[in-house]
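> A structural model of the following input is requested.
(one chain, ligands or ions: 2)
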Amino acid sequence: MRGIFVTGTDTGIGKTVVSAVLMSRYREARYWKPIQTGSDDDTAEVQRLSGCARERVYDHGVRLPDPVSPHLAAQRANTRIDLRSLTGWIEDSPHAWIVEGAGGALVPINESGLMVHLMERLALPVVVATRTTLGTINHTLLTLEALRARRLTVAGVVMAGDPDADNRAAIERYGNVRVLGEMPRLDPLTPQAVAAWANTSLDPDGVLQEWLA
Ligand SMILES: Nc1ncnc2c1ncn2[C@@H]1O[C@H](COP(=O)(O)OP(=O)(O)OP(=O)(O)O)[C@@H](O)[C@H]1O
Ligand SMILES: [Mg+2]
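Numbers count the residues shown, from 1 in each chain. Ligands and ions are numbered 1, 2, ... in the order given. Presented below is the predicted three-dimensional model:
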């Protein structure tokens, strides 16, 4: 399979908005949220914000009502998340996929599995959504280390929030990684604002084209 995996340094960091931006920019790509906990519907939000056709989102996977870590949400729902059965269908897909994780890289999925194991199974290059504010250097470098320890390819970082040139430079230097964009707060957060930013400011060198075009 082809595509990229979108993770983040935290929950609520901007993975869904970054996924929508990528869907808006790369018009052939498809979106999948394999594990969703809580009442948010990231799939619907990506469809709304990217303005994409219904067939470009695959709305199936583990859906658990409690807004907690997947391992715990599954336990509370008397079920267990099994990575093999979750991902089997996508391995032979001809499409380029944008797969959004839940939480960050080391979030537990079951009694021994972590989100990073899902990334390894899919073997996709990873885009990391990060904050721009104080603390982001540490969180971003920790995430990059966790991904590289699993021999995953890091495709780049997208920073979300008020741009901070010093934090961007530090992440690029100490993380040996490319920042593909600094996404400001879009207010209002509309499909038009997403498309405008996607087409003018995201991934100016088109490095994701290799995986998403
Ligand atoms: N650039 C932005 N402009 C305006 N609002 C944003 C932006 N990025 C993120 N948000 C808002 O911040 C909140 C968290 O963002 P988002 O849902 O993308 O995070 P997430 O990392 O996908 O969270 P989860 O771990 O729940 O999947 C949302 O309400 C979203 O609309
Ligand atoms: Mg999300």
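> Can you pull the residues of this protein lying near ligand 2?
15, 16, 42 (C-beta under 5 Å from the ion). (Glycine included, C-beta is placed from N, CA and C.)
> what is the mean pLDDT for the lengthiest helix in the chain?
Of all segments of type helix in the chain, defined using DSSP state H, the longest is helix 136-149. Averaging pLDDT along helix 136-149 yields 98.
> now do stretch 102-111
Mean predicted confidence for stretch 102-111 is 98.
> and for that stretch, what are the contacting residues?
With C-beta atoms under 8 Å, 6 or more residues apart in numbering as the test, stretch 102-111 has contacts from 7-11, 13, 33, 35-37, 69-72, 74, 80-83, 101, 114-119, 143, 146-147.
> Which one (most neighbours) among the residues of the chain next to ligand 2?
When neighbours are counted by other C-beta atoms under 10 Å, residue 15 leads these with 27 neighbours.
> And that one, how far from residue 52?
17 Å (C-beta to C-beta, to the nearest Å).
> Dihedrals phi and psi, the residue of the chain most remote from its centre?
Outermost residue of the chain with respect to the C-alpha centroid, by C-alpha atoms, centre = their mean, is residue 78; its distance is 26.9 Å. Main-chain torsions, residue 78, degrees, to the nearest 10: phi 60, psi 40.
> Who are the contact partners of it?
Neighbours of residue 78 in contact, by C-beta under 8 Å, 6+ apart: none.
> what helices or strands is the longest helix of the chain leaning on?
strand 2-8, helix 115-122, strand 126-131, strand 154-160, helix 165-175 (3 or more C-beta pairs under 8 Å, 6 or more residues apart in numbering; DSSP states H and E).
> For it, give me every contacting residue.
Against helix 136-149 from outside (C-beta under 8 Å, 6+ apart): 7-10, 104-106, 116, 119, 126, 128, 130-131, 154, 157, 159, 164, 167, 170-171, 174-175, 177.
> what does stretch 2-12 give?
Contacts for stretch 2-12 (C-beta under 8 Å, 6+ apart): 14-15, 18-19, 22, 29-30, 95-105, 115, 119, 122, 124-131, 136, 139-140, 142-143, 147, 155, 208, 211-212.
> Give the buried residues for it.
3, 4, 5, 6, 7, 8, 9, 10 (16 or more other C-beta atoms under 10 Å).
> pLDDT and distance to residue 56 added to these, as a markdown table?
Listed next are the buried residues of stretch 2-12 as a markdown table, based on pLDDT from 0 to 100; distance: C-beta to C-beta, whole Å:
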| residue | pLDDT | distance to residue 56 |
| --- | --- | --- |
| 3 | 98 | 12 |
| 4 | 98 | 15 |
| 5 | 98 | 17 |
| 6 | 99 | 15 |
| 7 | 98 | 21 |
| 8 | 98 | 22 |
| 9 | 98 | 27 |
| 10 | 97 | 27 |
